[in-house]
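Enquirer: Attaching a predicted model along with its sequence, questions to come.
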Amino acid sequence: MSEKLILIDGNSLAFRAFYALPLLKNSAGIHTNAVYGFTLLLEKIIKDEQPTHFLVAFDAGKTTFRHETYQDYKGGRQKTPQELSEQFPYIRKLVEAYHIKHYELPNYEADDIIGTLSKEATANGMKTIIITGDRDLTQLVNEHVSVYYTKKGVTDIDHYTPEFVRDKYGFGPEKIVDLKGLMGDTSDNIPGVPGIGEKTAVKLLLEYGTVEEVIAHLDDIKGKKLHENLTNHQADALMSKELATINQDAPLAITLAETKLTDATNDKKVELFRSLEFKQLLGNIETAPRAEETAVELSSIEEIDLTGRTSVFIDCFKDNYLKNEILPLAVSDGRKVAVVACDAVAAHEALANYLMDPSKPKVVYDAKKTTVLLNRLGVEIKGIAFDITLASYLLDPSNTIIDVAEIARLEGKSLATNDQIFGKGAKMAVPSDDILHGYFAQQAAVVLELAGLLKAKLEGNEQLALHDELELPLALVLAKMEMQGITVNKEELVTMQQELQGRLDTLIAAIHAHAGQEFNINSPKQLGVVLFEELQLPIIKKTKTGYSTAVDVLEALQGKHPIIDDILIYRQLSKLQSTYVEGLQKMIGEDGKIHTRFNQVLAQTGRLSSVDPNLQNIPVRLDEGRKIRKAFTASRPGWVIFAADYSQIELRVLAHITGDERMSDAFIQGTDIHTKTAMEVFGVAKDDVTANMRRQAKAVNFGIVYGISDYGLSQSLGITRKAAQKFIDDYLASFPDVKQYMDDIIQQAKQDGYVATLMKRRRYIPDISSRNFNLRGFAERTAMNTPIQGSAADIIKLAMVNYDKAVQDTDFSAELLLQVHDELIFEVPEEEVEAFSLFVKDIMEHALKLDVPLLVESDYGKSWYDAK
DNA sequence: AGCCACACGC
DNA sequence: GACGTACGTGTGGCTG
């Protein structure tokens, strides 16, 4: 087969890894984060690319041949932190442990080594992949050489191809050096020409081709200042181009043949990982556990001590526990573990009694799933005291928990994964009872072990109450909601489907007629060709794969061609048809209901999400879509759908957290918050707030709540980024305590590494100190926004738990069906609804005492549509 | 099977 | 100056 060479820019990736990962230390006090990140990258590259040849290039020293040309080359760079430079020897050792060659050459940079070898590889018919964190190498891209850039972290990678570069600039990679020649490069202290940034440089190059040609045509250049700068800095431009040019003929003392990878043992890797304490990686090497090694001896259920601390593990095949095949149940008492076939659980009296006894504390992997599965077996489990999935999520919501092995891995333990036992994709199957029972026994044993570790960590974070009093009780409420389901009227959807299909057919015909040909309107690619090539409409925006045909683009084209209006309507209707009208019908069960599942451990802010189907994004904004809600009804005649939603909960939380008086006053006095914001930001009296001012103020409030950037605000208001930034500045000047909070919370994130909600939910913000402008900006907005959105999530969750507890002491027969972030949906007998409304409103408004009032609005009707 | 573009909600 | 800009889920197209 063809040969493939990987070339790694060692210094650049060491820096990336260092800043991407928290400053880890092994017990000997050596910092290891850069080495660790480097290792992850090597693992990923070897696995994904399967190279035949491999080399890591390093920079040799401070001065290079470029310094002869320009003394200040790379001047003004910050010194490499000590914590990183001490890791370089280990990175070299690491590379050697992988039996990968590394090379450095005095007077040259890693870039030149890479450039020279990639040229040689191309000459020998090899494919080359260059991996770096530095954009400089883009110039080497061609059809045989790709450059992969690490984006976020170390293992998130962007692939640069000649087309990518061409799409971005309008010219190929070979002109990158000309670009640098004109615009310079601050990171390498390459001067370029003053007053020329990317925009101007690209324009000039598109017109003249190269720096030399630009200089040759100086007299044609318009703009006095530009002409003057170019004239005065011709030499700088040429020198900058020279500096930016990678040397592809460096005098290397290493040959391509020497970079060939050999089959090697893991000995050195194991030794190094041991000394650096890379436990997880070590676990991966020391072969995946075989059944015999980890097999727990199976006891009969009678031998288990069900009186003390126990764990219960039950699961089903694939992820939908509301309907899929139930697998056995395993119980561990910490010494012995027993596995019972699911059919035998309810029949086994001692076991069933134990499961239903609230005084017998049980530790589980997933309380909601466990509750549902046992309920399906006819057992109402009581006394779940700890959920390791919830615990792991609360400790760090970025943990993506897919199985017990994943939580174990996070705790430095290695064990068989669900994928290993069940297989994945089409090959997924339940294994033999032997394997299955052994696996389940092990799961139960490990769950018990992990519970102790995680509980101690929660305690250390003062998060035990968050688990015990909020998330765990909520899991049981959610289990009930999922099992309850919501009735959906299929006939209603069928009628809508027919109606929509008629309109869609008409639109398709009209669009094809406008286009003069038949094509698939659902294909952005085909649509792009029709709009921008056949019909020659102006290209507003591009995606990385072609023309963008997104709504904002189409709206900008309205009036330019009659096809646009039809496409906009087609888009809207076909989304309704495929996702909702047709999609939801498929989800209606034999009970006439849809049973969504709520994911309690996914959203980084603490919100819930909903899958299979997602009932948190049923249309509401446009009436056309809102009509879908007519199909959602109460399950019994005489009952109604009742919806209660928090009014402006996030902004109320913001007023509470910041203590901002003006904002708080608005809520205390019941002033419309968007109007109030407009009054403050525009400095006008209430009666002088125009509809447009209120609309803009609303968008700014939206931005505050969701942590959008100046760019995001500019997009939503259709204004410039500068104008958007001014809005934000004016807003913060109007609400000084909000401004103070924003500054403080960023400081706090820097200091603690995380931010927290009112209920002590955490979100870690590792990028808060990134020197990457984008990552840092994103991190800052996350820091500002998460306590607001997350506290709002805390409040509605608390309301749900309080409601569930309180309703049991009433005669209400209402059922809680759905949660949509700031809204709860119930079904209620119509005669109860008035009293129930007061009951729910009281619970929701007093879920948590804030310095500003919480306001709940509600309505009811025969369908969700009517409960507006 | 996995990625992309797009669109829905909050 | 900028790598790309609230989150999460589902759909259809396309690619390998």
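Expert: Ah, there it is. What you are looking at is a predicted structure, and each value in this text was computed from that prediction instead of being measured.
Enquirer: Please tell me how far whichever residue of the stretch 101-250 of chain A sits closest to DNA strand C sits from residue A:550.
Expert: Per C-beta to the nearest atom of the strand, residue A:198 is where the stretch 101-250 of chain A lies closest to DNA strand C, at 3.1 Å. Backbone N, C-alpha and C define where each C-beta goes, glycine included. Distance, residue A:198 to residue A:550, by C-beta to C-beta, to the nearest Å: 24 Å.
Enquirer: try residue A:279
Expert: To residue A:550, residue A:279 is 45 Å away according to C-beta to C-beta.
Enquirer: How about residue A:101?
Expert: Using C-beta to C-beta, one gets 47 Å for the distance from residue A:101 to residue A:550.
Enquirer: what about the two, which has more around it?
Expert: Between residue A:101 and residue A:550, counted using other C-beta atoms under 10 Å, the more crowded position is residue A:101 (16 against 13).
Enquirer: who's in contact with the more buried one?
Expert: Residues counted as contacts of residue A:101 (C-beta atoms under 8 Å, 6 or more residues apart in numbering) are A:54-56, A:95, A:254, A:258-259.
Enquirer: Just the buried residues of these.
Expert: Among the contacts of residue A:101, the ones that count as buried by 16 or more other C-beta atoms under 10 Å are A:54-56, A:95, A:254, A:259.
Enquirer: From those residues, which land in helices?
Expert: residue A:95 (DSSP state H).
Enquirer: List just the nearest of the contacts of residue A:101 to residue A:423.
Expert: Checking the contacts of residue A:101 against residue A:423 with C-beta to C-beta, the nearest one is residue A:54 at 31.5 Å.
Enquirer: Show me where chain A dips below the pLDDT cut-off.
Expert: Where chain A drops to pLDDT under 70, the residues are A:1, A:27, A:76-79, A:151-156, A:167, A:263-264, A:283-295.
Enquirer: Show me it divided up by domain.
Expert: Using automatic domain parsing, the domains assigned to chain A come out as A:1-160+A:250-280, A:163-246, A:289-485, A:489-594, A:650-785.
Enquirer: out of those, nearest to residue A:862?
Expert: Using C-beta to C-beta, those put domain A:489-594 closest to residue A:862, at 10.4 Å.
Enquirer: anything in the closest one near DNA strand C?
Expert: Yes: residues of domain A:489-594 contacting DNA strand C under C-beta under 7 Å from any atom of the strand: A:520, A:522-523, A:525-526, A:578-579, A:582-583, A:586.
Enquirer: touching DNA strand B at all, that domain?
Expert: Yes: Domain A:489-594 comes into contact with DNA strand B (C-beta under 7 Å from any atom of the strand), by way of A:524, A:543-546, A:548-551, A:554, A:571-572, A:575-576.
Enquirer: before we move on, the earlier item: a markdown table for the domains of chain A, including distance to residue A:834?
Expert: Supplementary listing: the domains of chain A in a markdown table, determined by distance: least, C-beta to C-beta, whole Å:
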| stretch | distance to residue A:834 |
| --- | --- |
| domain A:1-160+A:250-280 | 52 |
| domain A:163-246 | 61 |
| domain A:289-485 | 22 |
| domain A:489-594 | 25 |
| domain A:650-785 | 23 |
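Enquirer: And these: which comes nearest residue A:812?
Expert: With C-beta to C-beta as the measure, domain A:289-485 is the member of the domains of chain A nearest residue A:812 (14.4 Å).
Enquirer: Residue A:843: which of the domains of chain A is closest?
Expert: Closest to residue A:843 of the domains of chain A, according to C-beta to C-beta: domain A:289-485, at 12.6 Å.
Enquirer: to the chain's geometric centre, what's the distance from the closest one?
Expert: 27 Å (C-alpha atoms, centre = their mean, to the nearest Å).
Enquirer: Can you give the contact residues for stretch A:619-634?
Expert: Contacts for stretch A:619-634 (C-beta under 8 Å, 6+ apart): A:486-490, A:492-493, A:496, A:572-573, A:576, A:580-581, A:584, A:618, A:640-641, A:827-828, A:862-866.
Enquirer: And those residues, which of them are buried?
Expert: By the neighbour-count criterion of 16+ other C-beta under 10 Å, the contacts of stretch A:619-634 include these buried positions: A:486-488, A:492-493, A:496, A:573, A:576, A:580-581, A:584, A:618, A:640-641, A:827-828, A:863-866.
Enquirer: Three-state assignment for the residue in chain A positioned nearest to DNA strand B, please.
Expert: Among the residues of chain A, residue A:821 lies closest to DNA strand B, at 2.9 Å counting by C-beta to the nearest atom of the strand. Three-state call for residue A:821 (DSSP: H, G, I helix; E, B strand; the rest coil): coil.
Enquirer: phi, psi of residue A:145?
Expert: When read as degrees, to the nearest 10, the backbone of residue A:145 gives phi -120, psi 120.
Enquirer: give the contact list for the closest residue to it other than its chain neighbours.
Expert: Here the nearest residue to residue A:145 in space, its sequence neighbours aside, is residue A:128; by C-beta to C-beta, 6 or more residues apart in numbering that works out to 4.5 Å. With contact taken as C-beta under 8 Å, 6+ apart, residue A:128 is in contact with A:4-7, A:117-118, A:121-122, A:144-146.
Enquirer: residues in contact with the nearest residue to residue A:326 once chain neighbours are set aside?
Expert: In this structure, residue A:326 finds its nearest non-sequential neighbour in residue A:342, 4.4 Å apart by C-beta to C-beta, 6+ apart. Counting by C-beta under 8 Å, 6+ apart, residue A:342 touches A:314, A:326-329, A:373, A:377.
Enquirer: cool, residue A:645 as well?
Expert: Applying C-beta under 8 Å, 6+ apart, the residues contacting residue A:645 are A:822-824, A:856-858.
Enquirer: which one of those residues is nearest residue A:753?
Expert: residue A:822 (28.9 Å).
Enquirer: Can you name the residues of chain A that neighbour DNA strand B?
Expert: Proximity of chain A to DNA strand B (C-beta under 7 Å from any atom of the strand) is limited to residues A:425-426, A:524, A:543-546, A:548-551, A:554, A:571-572, A:575-576, A:616-622, A:625-626, A:706, A:820-823.
Enquirer: These in helices, which ones?
Expert: Among those, the subset assigned to helices under DSSP H consists of A:524, A:551, A:554, A:571-572, A:575, A:625-626, A:706.
Enquirer: before we move on, the earlier item: please see if the host helix or strand of the residue nearest to residue A:145 touches DNA strand C.
Expert: Using DSSP states H and E, the element containing residue A:128 is strand A:127-132. No: Strand A:127-132 stays clear of DNA strand C (C-beta under 7 Å from any atom of the strand), getting no nearer than 11.8 Å.
Enquirer: Restrict that strand to CA atoms and write it as PDB.
Expert: The C-alpha trace of strand A:127-132 is given here as PDB (Å, rounded to 0.1, in the frame of the first residue of the first chain):
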ATOM      1  CA  LYS A 127       1.400  11.300   1.200                       C
ATOM      2  CA  THR A 128       2.400  13.700   4.000                       C
ATOM      3  CA  ILE A 129       0.400  14.900   6.900                       C
ATOM      4  CA  ILE A 130       1.800  17.800   8.900                       C
ATOM      5  CA  ILE A 131       0.500  18.300  12.400                       C
ATOM      6  CA  THR A 132       0.900  21.600  14.100                       C
END
